[in-house]
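Chemist: Generate coordinates for the sequence data below:
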Amino acid sequence: MLINPVRVRNILVARNDRFGEFLLNIPALRALKETFPNASITALVNPSVRELAGCISYIDEVIEWDPEKRSFLEKLRMLKSKKPDIAVMLNPSKELNILTYLSGIPVRAGYDRKWGFLLTHKMRDNKGLGLKHEVEYNLELVSLVGAKTTDKTISLDRMPLSLNSEYAGAVAVHPFTSDPVKQWPAERFQELAERIAGNLKVKVIFVGRTNQGGTVLFENRPHILPGTVPVAMDLINKTSLVELAQILKQCKLLISGDSGPMHLASAVGTPVIALFRNDIPGKSPPRWGPKNTNSIVIQKSSLLDISVEEVFNKVREALKI
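Modeler: Coordinates of the predicted model:
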């Protein structure tokens, strides 16, 4: 089916999983906007991502997609009311494949999974092989409808500025992941923070949420060190995603495992020291690593093989201390 870019007026884009994965769709959204300049883009997102999605200029409308809040008929009526010319499902969804088909959307693109036979444009889902970065996979998918861009950067170009400079020059530490197999031991994050604050005299900020994957990693929060240099502030569970982006933008560095805040830091231009396993292709740095060029990836087949000393030395290198 040939698509005339000039005649496309409404595009529906669905990516309703976690915010880290969502951020890696920014180049794909840019490609859609550049290819279909007359189109309004409506994004279906996880409710937790709504505010963050509003910081992306390529999105004209944000809709929270909470399966529990609307009946099937309500969802169907809502999709029909948007009158999309194109629907792009950036993560496989049987429900959305059915709904977009029943809505009569003429062009429906996605992965050939979960009733993919209902799509008009589809491709095989090989992402688990980890042969390319998630950004590239997302761009490959939107290319099914002819969307292309030369700009593959991740950026929040509509993020409100913060007048608070309290965190300027700090090092942020995000000690959580949503997947236990990607978790560097919590006590090593604690020891690393103490060494950064005590030896390098740099303020450290702990960020993130303790309910990643339904687990609590720190029963006792990182404490304030004795003496004149504190392990700064404990901001765990205390910020929205946009507030976290504003804080990370002020920081000199983020230290994290494979996580949403790692991608959020990249989106605001803050260097990352990212700790990765490299023995599982679908979870490896080639697919999920930070996209900014000033970041450092430390990767081993076992995260237990990454020592505090090795990460600390990379921190000194990044901070040029």
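Chemist: Return the set of buried residues in stretch 125-142.
Modeler: 125, 127, 130, 133-139, 141-142 (16 or more other Cβ atoms under 10 Å). No exception for glycine: its C-beta is placed from N, CA and C like everyone else's.
Chemist: distance between the ends of it?
Modeler: By Cα to Cα, to the nearest Å, the extent of stretch 125-142 from end to end equals 13 Å.
Chemist: just stretch 15-30 next, same as before
Modeler: Where stretch 15-30 begins and where it ends lie 15 Å apart, using Cα to Cα.
Chemist: in this structure, which spans are helices?
Modeler: If DSSP state H is used as the criterion, the helices of the chain fall at 19-23, 26-35, 50-53, 72-82, 94-102, 134-142, 186-200, 241-250, 260-267, 285-288, 308-319.
Chemist: Report all helices and strands that the longest one contacts.
Modeler: Using 3 or more Cβ pairs under 8 Å, 6 or more residues apart in numbering; DSSP states H and E as the contact criterion, the elements in contact with helix 186-200 are strand 171-174, strand 204-206, helix 308-319.
Chemist: What helices and strands are in contact with the shortest one?
Modeler: Going back to what we said before, that points to strand 204-206. Using 3+ Cβ pairs under 8 Å, 6+ apart, strand 204-206 sits against strand 171-174, helix 186-200.
Chemist: Ok, which of the ones you listed comes nearest Leu76?
Modeler: strand 171-174 (39.0 Å; Cβ to Cβ).
Chemist: ok so, going back, go through the helices and strands packed on helix 186-200 and pick out the most buried.
Modeler: Ranked by mean neighbour count, the helices and strands packed on helix 186-200 are led by strand 171-174 with a mean of 26 (mean count of other Cβ atoms under 10 Å).
Chemist: Sheet partners, orientation included, of that one?
Modeler: According to DSSP bridges, strand 171-174 has the following sheet partners: strand 204-206 (parallel), strand 253-257 (parallel).
Chemist: Kindly calculate the angle that the last one makes with helix 260-267.
Modeler: This points to strand 253-257. 150 degrees (axes from the mean of the first three to the mean of the last three Cα atoms, to 10 degrees).
Chemist: which residues are in contact with strand 253-257?
Modeler: Contact with strand 253-257 is made by 171-177, 182-184, 189, 192, 248, 261-262, 265, 270-276, 303, 311, 315, 318-319, as judged by Cβ atoms under 8 Å, 6 or more residues apart in numbering.
Chemist: try 6 Å
Modeler: By Cβ atoms under 6 Å, 6 or more residues apart in numbering, the surrounding residues in contact with strand 253-257 are 171-174, 177, 182, 184, 248, 262, 265, 270-273, 275, 318.
Chemist: Tell me what angle it forms with helix 308-319.
Modeler: Using the same axes, to 10 degrees: strand 253-257 against helix 308-319 is 150 degrees.
Chemist: and strand 253-257, how far out from the chain's middle?
Modeler: Put simply, strand 253-257 sits 14 Å off its chain's centre (Cα atoms, centre = their mean, to the nearest Å).
Chemist: Ok, the shortest one next?
Modeler: Here strand 204-206 is found 20 Å from its chain centre; the criterion is Cα atoms, centre = their mean.
Chemist: and that strand, what's its mean pLDDT?
Modeler: For strand 204-206, the mean pLDDT works out to 93.
Chemist: hmm, back to that, so which of the contacts of strand 253-257 is the closest to Lys283?
Modeler: Using Cβ to Cβ, those come closest to Lys283 at Lys182, 6.4 Å.
Chemist: Just give the nearest non-adjacent residue to the closest one, would you?
Modeler: Asp258 (4.7 Å; Cβ to Cβ, 6 or more residues apart in numbering).
Chemist: quick one, what contacts Ser162?
Modeler: So Ser162 contacts Gln246 (Cβ under 6 Å, 6+ apart).
Chemist: run the last query once more with 10 Å
Modeler: 242-243, 245-247, 249-250 (Cβ atoms under 10 Å, 6 or more residues apart in numbering).
Chemist: just Lys80 next, same as before
Modeler: Counting by Cβ under 10 Å, 6+ apart, Lys80 has contacts 99, 102-105.
Chemist: Just give me the closest of the residues you listed to Lys201.
Modeler: Among the contacts of Lys80, and counting by Cβ to Cβ, the member closest to Lys201 is Leu99, at 55.6 Å.
Chemist: That concludes my questions; thank you for your assistance.
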